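# Sequence isn't available, so here's the structure alone:
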């Protein structure tokens, strides 16, 4: 079975389900897929999630004080909605209309470090105007292997060479030949 890359679709946000429905209509339900370009290979969602998470892990090593502050403050983290906590450590559990990964990645990094959330506050990791979003949003945290972000980088709300830059710039839409 051969797949052909037809575009780098970029950011879906809240339009994810609508975009997927349009792909189903245009190409057929089983005839398209999202992959991520990595070192001249196309990798699946879960492998791309691991690289995304590794970016957060690298950040937790560089800014350990910030991360320790997070675990002492937060009882858990979320992106769009408090219900995001229901995903736990599973990237495949996406209950909202937009994909949320940073909360899952952060939970998994906390686990990998052998830490526990000890705080009393449910912390949103989103808005750049808020302390935690400004520090831990995927659009603000540098990606640990920026040389492997596909060029030209896609431009939007995220910083150049950030985790989000990797996620969006390396995402590809493929169709079945």
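Yes, it's here. Just so it is clear, the model here is predicted, and its values are computed rather than measured.
# can you pull the buried residues of the longest helix anywhere in the chain?
Criterion DSSP state H: the longest helix present in the chain is helix 45-62. Using 16 or more other CB atoms under 10 Å as the test for burial, helix 45-62 gives 45, 48-49, 51-60. Using the backbone N, CA and C atoms, a C-beta is placed for each residue, glycine as well.
# any idea of the pLDDT on residue 163?
Model confidence at residue 163, given as pLDDT, is 98.
# where does residue 173 land in three-state SS?
strand (DSSP: H, G, I helix; E, B strand; the rest coil).
# Next, work out how far apart it and residue 19 are.
10 Å (CB to CB, to the nearest Å).
# shared neighbours, those two?
residue 9 (CB atoms under 8 Å, 6 or more residues apart in numbering).
# out of the buried residues of helix 45-62, which one sits closest to residue 114?
Of all those, residue 114 sits closest to residue 60, with 11.3 Å by CB to CB.
# Next, the contact list for the closest one, please.
Per CB under 8 Å, 6+ apart, neighbours of residue 60: 67, 109, 113.
# May I have the residues that are in contact with the residue nearest in space to the middle of the chain?
For the chain, the residue sitting closest to the mean C-alpha position, by CA atoms, centre = their mean, is residue 101 at 4.1 Å. By CB under 8 Å, 6+ apart, the residues touching residue 101 are 49, 52, 79, 91, 138, 167.
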